[in-house]
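>>> Sequence and predicted structure, then a few things I'm wondering about:
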Amino acid sequence: MTAEVQKYTLEQVEALELAPGTEHENLEGWVPALATAEDLRQALEKALDYRGDVTLTLKSGERIEAYIFDCHNGSGLADSWVQYFTPSAPEKRKVGYAEIARLEFTGKDRAAGKHWEDWVKKYNERKAAGEKNIGLAPEALE
Amino acid sequence: MAIPISQMGTVAGYVLKKRFTGVKQYPLVLMLEPLFRCSLACAGCGKVQYPPHILKKQLTPEECFAAVEECGAPMVSIPGGEPLLHPQIVEIVNGLVARKKYIYLCTNALELKKRLPEFTPSKYLTFSVHLDGQREHHDFSVCREGTYDIAVEGIQEAVRRGFRVTTNATFFDGTDPNSVRAFFDEVMSMGVEGVVLSPGYSYEKAPDQNRFLGRARVRRLFRAILSNRKPEWKFNMSPLFLEFLMGKRNYECTPWGMPAYNIFGWQKPCYLLQEGYASSYKELLETTKWEDYGVASGNPKCANCMVSCGYETTAVIDGFGSMKGFVAMVRGTFSKYRDLSALKLLNEALPGTHAPLIRIEQTERAPEETTV
């Protein structure tokens, strides 16, 4: 932790009854403005937490569909990079922050609509309709 | 005693060797995730929320063996995803058995009965079957009716074939301790070696972020569940870790003790948080800012964590690393933890319904703003 963050005292931690989790933003479709290096860094941090693919447009004009799973923040743009998988290649790839011109949250958020409350609602509706063997199935892998 | 002597001896020897050679950071269990694909779609799960091209990827057996050999942990837990969906899981398991690693293959058991003939019973191989409680509770928890009965069939067949079998359960807010104790009776009657349990933890990627127990509630729940034990109950866990869950001990996290390796690499800093990846276990140790994690760090992401991947290593090292710890571990193995006030907690617990599972409450105290 290098920035100002919310921290707990030990007494607060020990007294927690329910623990607040990470707040997920609705990022699907978002195109962040990347006016400064800090804008880019923050947007890539969000892309790291995002549970879907993003599209990177490089300064060369190349567009990359990517699932970003690692961000390395160096001392500046030149020594910072993200690591990602693309849908079409088996190997991990890296691209430097300095090469990125645009970031779009184009992929589907894979956690959207999968809350516990969503399941409880579906279950109750299907149960009330007299359905048997109620369950959720994994999404097809397309 | 749920854990075989040979396994305890291996772990004890490993811990003592590290202690005598002055190694401070070492892995005890490798959390090897060969794929994230799963045959269930549990609401709120934070482990399978990936695009299809990520869910289609999987580690090769060679990548699994290289990770195991590099880190050198004596035990390997294979979660996922559902490991039985990996087309080469038998080859992976056989390779790890040949390397004399104690394996816990974590499965929802939907395919277990069918797949058992492909595996060979061994003291090194344990099927750790995901069961979150009694039939109704488990089926509701994994969002599919009928899964409990299928899993139980798998367990019974595995036991019949001579495999080591444990169950593993995760408990969230609203868990009825009386139902959990009845569940222990049920699973022990199936002939399993022991039970593994854990409080839920807020995976950052999980859709749900509001059902996670805070430390005060974890202690109360586990004190109610684990006090006044029945002699038949066996736990495939360190007794000192169970005492930690019951609030009888205070431990710090050992995040490097159960490192996670998956298609992305070595996960920083631990199995639960995803703050980047290293290309080797050595790099993980050397490049992770360990002081930023654990309860003592004040990091809010670690505030509610009492999960085995961080704290059981601490308990095991405590148990095998000192005479005092060893005596406490032996005493804990045979203790029934008689506790009248814990009985009162059980009597106060409401009959289990699904309603409390979705209750959302606010924490009473807000975190402080602090600069580090």
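Okay, I see it.

>>> Nearest residue to the middle of the chain?
The chain I'm using is chain A. A:Y50 (0.7 Å; CA atoms, centre = their mean).

>>> should've been chain B
Geometric middle of chain B (CA atoms, centre = their mean) lands on B:S308, at 5.5 Å.

>>> Quick check, that residue in contact with B:F235.
No - the pair B:S308 / B:F235 is not scored as a contact, 11.2 Å apart, by CB atoms under 8 Å. C-betas here are computed from N, CA, C, even on glycine.

>>> hey, what's in contact with both of the two?
Listed as contacting both B:S308 and B:F235 by CB atoms under 8 Å, 6 or more residues apart in numbering or on different chains are B:V196.

>>> is chain A contacted by stretch B:212-223?
Yes - contact between stretch B:212-223 and chain A, assessed by CB under 8 Å from any CB of the partner chain, occurs at B:212-217.

>>> got the contact list for residue 85?
I went with chain A, as the question did not name one. A:66-67, A:69, A:92-93, B:53-54, B:57, B:263.

>>> Actually, chain B is the one I wanted.
Contacts of B:L85 by CB under 8 Å, 6+ apart are B:35, B:37-39, B:111.

>>> and of the residues you listed, the nearest to B:P61?
Nearest to B:P61 among these: B:L35, at 12.4 Å, using CB to CB.

>>> For the closest one, which non-adjacent residue is closest in space?
B:Q58 (4.0 Å; CB to CB, 6 or more residues apart in numbering or on different chains).

>>> where along chain A do the strands fall?
A:5-7, A:54-58, A:63-72, A:81-85, A:93-96, A:100-104 (DSSP state E).

>>> Need the residues that contact the fifth one.
This means strand A:93-96. Contacts for strand A:93-96 (CB under 8 Å, 6+ apart): A:56, A:58, A:64, A:66, A:77-78, A:80-86.

>>> Can you list the strands that it pairs with?
Strand pairing for strand A:93-96, determined by DSSP bridges: strand A:81-85 (antiparallel).

>>> List the buried residues for the partner strand?
A:81-85 (16 or more other CB atoms under 10 Å in any protein chain shown).

>>> Show me how far that strand is from its chain's centre.
Relative to the chain's own centre, strand A:81-85 is displaced by 13 Å; criterion: CA atoms, centre = their mean, to the nearest Å.

>>> rewinding a little: from the buried residues of strand A:81-85, which two are the most distant?
Farthest pair in the buried residues of strand A:81-85, by CB to CB: A:W81 and A:F85, 14.5 Å.

>>> Lowest average pLDDT across the strands of chain A?
Mean pLDDT is lowest for strand A:5-7 among these, at a mean of 54.

>>> Near chain A, which residues of the stretch 51-200 of chain B are found?
B:51-57, B:140, B:143-147, B:173.

>>> switch the cut-off to 10 Å
B:51-57, B:82, B:85, B:139-147, B:172-173, B:199-200 (CB under 10 Å from any CB of the partner chain).

>>> Show me where chain B has its helices.
Residue ranges of the helices in chain B, as given by DSSP state H, are B:5-20, B:52-55, B:61-71, B:89-98, B:112-115, B:135-141, B:147-160, B:177-189, B:215-226, B:239-245, B:281-287, B:308-321, B:323-334, B:340-348.

>>> got a list of contacts for the second one?
Pointing back at helix B:52-55 there. A:51-53, A:65, A:67, A:69, A:85-90, A:107-108, A:110, A:138-142, B:35-38, B:48-49, B:81, B:85, B:263-264 (CB atoms under 10 Å, 6 or more residues apart in numbering or on different chains).

>>> Could you do the fourth one as well?
Contacts of helix B:89-98 from elsewhere in the structure, counted by CB under 10 Å, 6+ apart, are B:30, B:32, B:34-35, B:58-65, B:68, B:76, B:78, B:80, B:82-84, B:86, B:88, B:101-103, B:105, B:107, B:115, B:118-120, B:122-125.

>>> which residues does A:K122 contact?
Going by CB under 10 Å, 6+ apart, the list of residues near A:K122 reads A:113, A:134-136, B:43, B:143.

>>> filter those to the buried ones?
A:134-136, B:43, B:143.

>>> These: which two are farthest apart?
A:I134 and B:A43 (12.4 Å).

>>> Can you work out which residues contact both of the two?
A:119, A:122-123, B:140, B:143.

>>> burial measure for B:E153, as a count.
13 (other CB atoms under 10 Å in any protein chain shown).

>>> which residues sit in contact with B:N347?
B:178, B:224 are the contacts of B:N347 under CB under 10 Å, 6+ apart.

>>> quick one: it from chain A, how far?
20 Å (CB to the nearest CB, to the nearest Å).

>>> Do you know the pLDDT at that residue?
For B:N347, pLDDT reads 86.

>>> Likewise for B:A278?
For B:A278, pLDDT reads 96.

>>> Can you show me the helices along chain A?
Going by DSSP H, chain A shows helices at A:10-15, A:37-49, A:116-128.
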